[in-house]
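Q: Okay, here's the prediction I keep looking at, along with the sequence it came from:
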Amino acid sequence: MMVIKSRKALAWALLVLSLTLSVNAVLEPLVEVANAGPQIISVSTYSLYLDSANNVPATSFIAPDKKTVYVQIKVRDNNGFSDVVLRGNVAVKIVLWNGTGESDYGRFGSSYLNASFESGSGIDAIYRFSYMMDNYDETRLGTEAPPLFYRVKVEVSDGTDNVSSNLTANNVDYTYQCYIPPRPPVQVLFDVSIDIPANKKTIPPGESFYAVVAITKMSPAGLDDIQIDYNIIDPLNRTADHFSEMVAINTTIYRVPVLYLANSSMPGRYTFRVSVSYLGTQAWSEAFFDVVLPATTTSSSTTLYTTTTQISNVTTTTRGGGSSGGGGGSHGTTQEPTVTQATTPVTTTQPPASNPEVSFYKYPPEVQAFSGDTKPIMIVVENTGNVPLSDVTVFLGGALNVEKVIPESIESIEPGARAVFIIDTKIPDNLAPADYNAVVKIISQDAIDERGMKFVVLARPVETSKALNVQADELTKLADDVWSEAIKSGLGKDDANMEEIFALLQSSKDLIGKAREDISGRKYDSSKDNMNAAKAAIEKSVLKLSAVKAQKEPETNTIFVPIKTPSEITPEWTAATVIAITALTLLGTDLFLKRRKGKRLEELYDLRLTKDKIFGHMGQGHKTSVAGSAHDNKETLSAIKEKIK
């Protein structure tokens with residue numbers, strides 16, 4: 001009997017244990033464990049690098065033989081090296097360093113570039129990055145006064161926390177001596193083409209003018225800077241408007257320059273000329289458009305008939321090319337429209353079945369910035385038609401430089417859906433404080449839309465902290481706007497992209513918070529690095545958002561915050577299930593044995609009563625025995641009932 005009691009106690013203990021494990025299995029995924037941020041252990045440069053064990057350390061490079069800079073980054077994460085590999089990244093940026101401050105190294109660019117994972121073990125990982133200096137990059141030997149270096153900066157993220165080499169004093173500097181061999185004579189050959197949109201082929205005085213300019217450098221090969229001059233020439237061969245810009249080109253670039261005509265502009269045929277200057281040679285191309293005075297219209301009505309004027313399609317081709325040595329441009333011919341009049345009955349036609357249309361859902365009509373700043377501008381595009389839009393992108397034109405558009409284009413936008421673009425705009429350093437007009441345009445294969453924008457270039461304040469705080473405010477607003485658009489984009493709560501997008505945006509806000517702390521502590525270089533990292537996180541979230549095929553859903557003001565739930569059978573669930581089954585088996589066995597023994601005792605009791613009855617019929621001599629047996633039977637029955645309980 002003690003065995004049964006022990007089995008019963010064991011079963012109940014196992015059942016309690018299984019319930020405890022089940023609760024832990026449910027609650028554990030919902031508990032946020034404090035993340036251990038990544039660390040930068042070391043950053044080193046090498047002139048030769050095969051792997052982490054076979055390399056040649058170096059901090060001095062010279063062209064043309066030893067100009068490839070290899071960078072090795074060792075990082076650590078107490079959550080395991082895979083926390084960085086799978087959820088974050090390691091990125092590198094090269095800047096110019098003069099001993100006290102840094103500036104952008106133009107050929108490298110202003111953004112961090114991802115390093116490649118090489119190996120990892122435990123909590124440590126090794127990344128590497130390589131960059132080839134150019135023969136003509138600036139010589140910086142470190143012996144100048146002040147000393148001049150190229151500086152390698154590193155950022156590490158585990159998807160939650162970010163760390164910069166600025167904060168860990170792990171930046172590494174190197175020197176470089178360029179080599180300028182005599183250049184052999186080369187043929188300079190460019191192709192310049194101009195495409196004037198249909199709505200700009202004829203415009204009234206006082207309106208903006210723009211065109212899509214494609215410039216292809218066929219010779220010489222390589223990345224070079226060119227000067228582009230845009231001019232509008234009136235019918236009297238006078239310059240009506242113009243501006244110039246310096247642009248880097250490798251093969252082909254596209255520009256959308258915006259110029260303006262005064263309200264007093266005379267009507268007539270105007271020339272739009274684009275000139276490209278490079279190595280003392282020039283290529284150019286021209287296209288034409290008309291300026292007409294607004295016509296006064298009169299209206300008349302008839303009862304049954306109306307006079308209609310039909311104008312045949314006007315085809316105008318304006319594409320020209322230029323060559324080296326100041327070659328001329330060419331343009332197409334314009335077919336004069338044929339006008340016919342006829343008196344016909346008034347008829348109505350049904351609208352077309354398909355209606356491709358694109359519109360601006362959100363854009364800033366006015367943008368304020370300091371000269372020399374890079375200004376991110378968010379544009380939200382909406383498909384307001386009833387058919388999908390393909391190859392959608394945005395252009396921004398005016399007296400400013402567009403560094404990049406994120407994403408460059410979106411393959412398709414469904415009817416009713418929206419998409420987010422960020423245009424990184426560089427305000428030229430030499431742009432005087434004033435108001436400048438610009439135009440932003442949505443272009444797709446199916447429809448276009450455009451809006452006017454005003455750029456207010458401000459005089460840079462003497463206080464650096466004030467200017468940096470303004471930038472931090474703008475980045476915060478940009479992150480909030482993208483967050484809002486992500487919520488409205490139609491992503492479902494169970495979409496795997498939702499958590500990553502919000503994590504990137506939250507990371508950007510954390511970095512902006514660190515930047516504000518740096519500003520308060522007058523650590524201006526560190527604050528700029530944190531804001532650049534925040535901007536990169538926002539751009540990455542926009543790319544993630546554009547990769548998702550959004551569906552139109554009713555807008556809601558409820559912000560969805562994803563929580564973690566068990567997505568697979570964990571070891572805790574398995575253990576809890578096995579223990580619960582064992583406990584239930586023991587309890588069932590215990591109950592079965594109790595009932596079986598109780599039944600057998602009842603059968604024995606009935607058998608003894610039957611025997612006593614038989615013996616009672618056999619004679620009086622057994623009366624005493626029967627009576628005694630009956631007394632014993634009563635005691636036995638009480639014992640049986642007690643055992644059954």
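A: Received the coordinates, thanks. Worth saying up front: this structure is predicted, and the values here are computed from it rather than measured.

Q: where does the stretch 301-450 of the chain have low pLDDT?
A: Low-confidence segments of the stretch 301-450 of the chain, defined by pLDDT under 70, span residues 301-353, 399.

Q: give me phi/psi at Glu517?
A: Torsion angles at Glu517 (phi, psi; degrees, to the nearest 10) stand at phi -60, psi -40.

Q: what's the neighbour count on it?
A: The number of residues packed around Glu517, counting by other C-beta atoms under 10 Å, is 13. Any C-beta I mention is one placed from the backbone N, CA and C, and that applies to glycine too.

Q: now swap in Phe370 and tell me
A: For Phe370, the tally of surrounding residues (other C-beta under 10 Å) stands at 18.

Q: for the strand ranked longest in the chain, packing partners?
A: Longest strand of the chain, by residue count under DSSP state E: strand 39-51. If contacts are counted by 3 or more C-beta pairs under 8 Å, 6 or more residues apart in numbering; DSSP states H and E, strand 39-51 sits against strand 54-57, strand 68-76, strand 124-132, strand 149-157, helix 165-168, strand 172-177.

Q: which residues sit against the third one?
A: The reference is to strand 124-132. Contacts of strand 124-132 with the rest of the structure, by C-beta atoms under 8 Å, 6 or more residues apart in numbering, involve 41, 49, 52, 67-77, 81, 84-85, 90, 92, 94, 108, 113, 115-120.

Q: Quick one: buried ones out of these?
A: Taking 16 or more other C-beta atoms under 10 Å as the criterion, what is buried in the contacts of strand 124-132 is 49, 67, 69-77, 81, 84-85, 90, 92, 94, 108, 115, 117, 120.

Q: So which bits of the helix or strand containing Asp529 are buried?
A: With elements delineated by DSSP states H and E, Asp529 resides in helix 524-547, which encompasses its position. Under the neighbour-count criterion of 16+ other C-beta under 10 Å, helix 524-547 has 524, 526-546 buried.

Q: Please apply the same query to stretch 396-415.
A: Result for stretch 396-415 [16+ other C-beta under 10 Å]: buried residues 396-402, 404-407, 410, 413-415.

Q: Keeping just the C-alphas, turn it into PDB.
A: Output of stretch 396-415 as PDB, limited to C-alpha atoms (Å, rounded to 0.1, in the frame of the first residue of the first chain):
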ATOM      1  CA  LEU A 396      14.700  66.500 -58.200                       C
ATOM      2  CA  GLY A 397      16.100  69.400 -60.200                       C
ATOM      3  CA  GLY A 398      17.300  72.900 -59.400                       C
ATOM      4  CA  ALA A 399      20.400  74.700 -58.100                       C
ATOM      5  CA  LEU A 400      21.400  71.800 -55.900                       C
ATOM      6  CA  ASN A 401      23.000  68.300 -56.300                       C
ATOM      7  CA  VAL A 402      21.100  65.000 -55.900                       C
ATOM      8  CA  GLU A 403      23.600  62.500 -54.400                       C
ATOM      9  CA  LYS A 404      21.300  59.500 -54.400                       C
ATOM     10  CA  VAL A 405      17.700  58.300 -54.500                       C
ATOM     11  CA  ILE A 406      16.700  55.500 -52.200                       C
ATOM     12  CA  PRO A 407      15.400  53.200 -53.600                       C
ATOM     13  CA  GLU A 408      16.600  54.100 -57.100                       C
ATOM     14  CA  SER A 409      13.300  52.800 -58.600                       C
ATOM     15  CA  ILE A 410      10.400  50.500 -57.700                       C
ATOM     16  CA  GLU A 411       9.400  47.800 -60.200                       C
ATOM     17  CA  SER A 412       5.700  48.000 -59.600                       C
ATOM     18  CA  ILE A 413       3.100  49.900 -57.500                       C
ATOM     19  CA  GLU A 414      -0.400  48.500 -57.400                       C
ATOM     20  CA  PRO A 415      -3.500  50.800 -57.600                       C
END
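
Q: which residues sit against the longest strand of the chain?
A: 55-59, 61, 66, 68-77, 118, 124, 128, 130, 152, 154, 156, 163, 165, 168, 170-172, 174.

Q: do stretch 159-174 as well
A: For stretch 159-174, the surrounding residues in contact (C-beta under 8 Å, 6+ apart) are 35, 37-45, 58-61, 69, 71, 83, 87-88, 97, 142, 149-157, 503, 507, 510-511, 525-526, 529-530, 533.

Q: Just the buried residues of the residues you listed.
A: The neighbour-count test (16+ other C-beta under 10 Å) marks 37-40, 43-45, 58-59, 61, 69, 71, 83, 87-88, 97, 142, 149-157, 503, 507, 510-511, 526, 529-530, 533 as buried among the contacts of stretch 159-174.

Q: And the chain, split by domain according to the record?
A: With automatic domain parsing as the criterion, the domains of the chain are listed as 2-14+569-644, 39-177, 189-294+314-336, 354-460, 461-564.

Q: Of these, which shows the lowest average pLDDT?
A: Least confident of the domains of the chain, judged by mean pLDDT, is domain 2-14+569-644 with a mean of 59.

Q: Could I get the phi/psi values of Tyr105?
A: Note on Tyr105: its backbone torsions stand at phi -90, psi 100 [degrees, to the nearest 10].

Q: Using the three-state scheme, assign Leu396.
A: Applying DSSP: H, G, I helix; E, B strand; the rest coil to Leu396 yields a three-state assignment of strand.

Q: So what sits opposite it in the bridge?
A: Judged by DSSP bridges, the bridge partners of Leu396 are Val440.

Q: circling back: strand partners (parallel or antiparallel) of the longest strand of the chain?
A: Each strand paired with strand 39-51, and its direction, by DSSP bridges: strand 54-57 (antiparallel), strand 68-76 (antiparallel).

Q: Strand 172-177 and the longest one, what's the angle between them?
A: Taking axes from the mean of the first three to the mean of the last three C-alpha atoms, to 10 degrees, strand 68-76 and strand 172-177 form an angle of 180 degrees between their directions.

Q: Export only the CA atoms of strand 68-76, formatted as PDB.
A: Output of strand 68-76 as PDB, limited to C-alpha atoms (Å, rounded to 0.1, in the frame of the first residue of the first chain):
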ATOM      1  CA  THR A  68      45.400  48.600 -52.200                       C
ATOM      2  CA  VAL A  69      44.500  49.200 -48.500                       C
ATOM      3  CA  TYR A  70      43.300  46.100 -46.700                       C
ATOM      4  CA  VAL A  71      41.400  46.700 -43.400                       C
ATOM      5  CA  GLN A  72      40.900  44.000 -40.800                       C
ATOM      6  CA  ILE A  73      38.300  44.600 -38.000                       C
ATOM      7  CA  LYS A  74      38.100  42.400 -34.900                       C
ATOM      8  CA  VAL A  75      34.700  42.700 -33.100                       C
ATOM      9  CA  ARG A  76      33.200  41.000 -30.000                       C
END
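
Q: just checking, next helix/strand downstream of it?
A: Next in sequence after strand 68-76, counting helices and strands by DSSP H and E, comes helix 82-87.

Q: Secondary structure class of Ser508, three-state.
A: Of the three states, Ser508 takes helix under three-state DSSP.

Q: now swap in the one 3 residues further on and tell me
A: When classified by three-state DSSP, Leu511 comes out as helix.

Q: What distance do you get for it to Leu505?
A: 11 Å (C-beta to C-beta, to the nearest Å).

Q: got the residue ranges for the helices in this protein?
A: Per DSSP state H, the chain carries helices over the ranges 2-27, 82-87, 165-168, 464-488, 496-520, 524-547, 571-617, 623-644.

Q: How many residues are close by the residue lying closest to Ser219 once chain neighbours are set aside?
A: With C-beta to C-beta, 6 or more residues apart in numbering as the measure, Leu189 is the residue that lies nearest to Ser219, at 4.3 Å, once sequence neighbours are left out. When neighbours are defined as other C-beta under 10 Å, Leu189 has 18 of them.
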